[in-house]
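> Here is my input; please provide its structure:
(4 chains)
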Protein chains: 2
Amino acid sequence: MISKTYSISELAAEFDVTTRSIRFYEDQGLLHPSRRGQTRIYSSKDRVRLKLILRGKRLGFSLAETRELFDLWDDSLSGSEKQLQLLLKTINGKRAELEQQLKDIAMVQLELDNAESRCLEALSELESKKQMTAE
Amino acid sequence: MISKTYSISELAAEFDVTTRSIRFYEDQGLLHPSRRGQTRIYSSKDRVRLKLILRGKRLGFSLAETRELFDLWDDSLSGSEKQLQLLLKTINGKRAELEQQLKDIAMVQLELDNAESRCLEALSELESKKQMTAE
DNA sequence: GTGACACTTTACGTTAACGTAAACTTCATT
DNA sequence: AATGAAGTTTACGTTAACGTAAAGTGTCAC
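Predicted coordinates for the structure are as follows:
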């Protein structure tokens, strides 16, 4: 069974990034596509990685951070206890970050709600004034 | 009643940022402390703004984005209907961003859970091997 | 009045994450 | 055979968000 592969521009189109960016991610050690001649060929694993990279970006992870996570994960396959312990620690670190972000998001959502209310109030205020002058 | 004020280094210490950063935020139009001579004096409103700036940063907002939000909010005080409508639109745009982030966080949390499981499994695998050789 | 700090401005340096241009190669079409 | 589309490498340019060094001002303790 031959699993699906992708060209660089296919991935670029699918995830709405430039080919330049994808090559850059490879340059930074985040992707390792195979090659036919000098043309890059991306596997579905590469595709997943790209998805993870972009998800990380949306959460404010730097490429270096994401790369470290990838490396840790790959290293953990070696099975060394030390690597595994380190990976566990990193995982829990990230978890803490995410929890902080959840708190932050909740706060900002409250502020947005608040802002919207005031905004709508100010608008209805304006409307009633319009009515006044119309009468 | 005179409300509390803060020096630049007080704020820097409280929020664990450099004074350089705080001055930079002012330079970018995000803060507008008053002055006694040439020394900056921060009000509690300034303090709130700084808190918002940092919260935004943790969520991956650029300083420019946060600044736009501040400006929109300030402009909305003028009460012009156009400003208010624009503010409403922007608020809902940010809300959408936050929802995407919530989804992203949920996904990453799942991946972390998954990774941790595999990791723990690999560790217990190692442990049982240790037992074997000990016997 | 003189350190010793805390504050200030000015300005050049740095890193991350690409953008962009130049100059190829490969391959499919006309 | 030539044109065009998609791929490639190399390399310099750019923006954001500060770091860092230099040089000066204000004021409080001694």
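
> Skip the chain neighbours and tell me the closest residue to the residue minimising distance to the centre of chain A.
Within chain A, the residue whose C-alpha comes closest to the C-alpha centroid is residue A:55; the distance, by C-alpha atoms, centre = their mean, is 1.8 Å. Once its chain neighbours are removed from consideration, residue A:55 has its nearest residue in residue B:104; the separation is 5.1 Å (C-beta to C-beta, 6 or more residues apart in numbering or on different chains). In short, each C-beta sits where N, CA and C put it, glycine included.

> Hmm, residue A:60 and the one you found touching each other?
No. Applying C-beta atoms under 8 Å as the test, residue B:104 and residue A:60 come out as separate, 10.1 Å apart.

> Which secondary structure element is home to the residue nearest to the centre of chain A?
The secondary structure element spanning residue A:55 is helix A:44-58 (assigned by DSSP states H and E).

> Check which helices and strands the helix or strand just after that helix is in contact with.
If you walk from helix A:44-58 toward the C-terminus, the next helix or strand you reach (DSSP H and E) is helix A:63-76. Contact here means 3 or more C-beta pairs under 8 Å, 6 or more residues apart in numbering or on different chains; DSSP states H and E; on that basis helix A:63-76 packs against helix A:44-58, helix A:81-134, helix B:81-134.

> Among those helices, which comes closest to DNA strand D?
Using C-beta to the nearest atom of the strand as the criterion, the shortest distance between DNA strand D and those is 11.9 Å, found for helix A:44-58.

> which residues touch the residue of chain A found nearest chain B?
For chain A, the nearest residue to chain B under the criterion C-beta to the nearest C-beta is residue A:60, separated by 3.5 Å. Taking C-beta atoms under 8 Å, 6 or more residues apart in numbering or on different chains, we find residue A:60 in contact with A:101, B:58, B:59, B:60.

> which stretches of chain A aren't confidently modelled?
A:2, A:130, A:133-135 (pLDDT under 70).

> what domains does the record give for it?
Structural domains assigned to chain A are A:1-63, A:78-135, following automatic domain parsing.

> any chance of the ones you listed in JSON lines, plus distance to residue B:128?
Putting these into JSON lines (distance: least, C-beta to C-beta, whole Å) gives the following:
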{"stretch": "domain A:1-63", "distance to residue B:128": "29"}
{"stretch": "domain A:78-135", "distance to residue B:128": "13"}
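
> who wins for proximity to residue B:117 among these?
domain A:78-135 (10.3 Å; C-beta to C-beta).

> what about the closest one, near DNA strand C?
No. Among the residues of domain A:78-135, none lie within reach of DNA strand C under C-beta under 7 Å from any atom of the strand; the closest is 15.0 Å away.

> Go ahead and confirm residue A:8 touches residue A:22.
Yes. Using C-beta under 8 Å, residue A:8 makes contact with residue A:22 at a distance of 5.7 Å.
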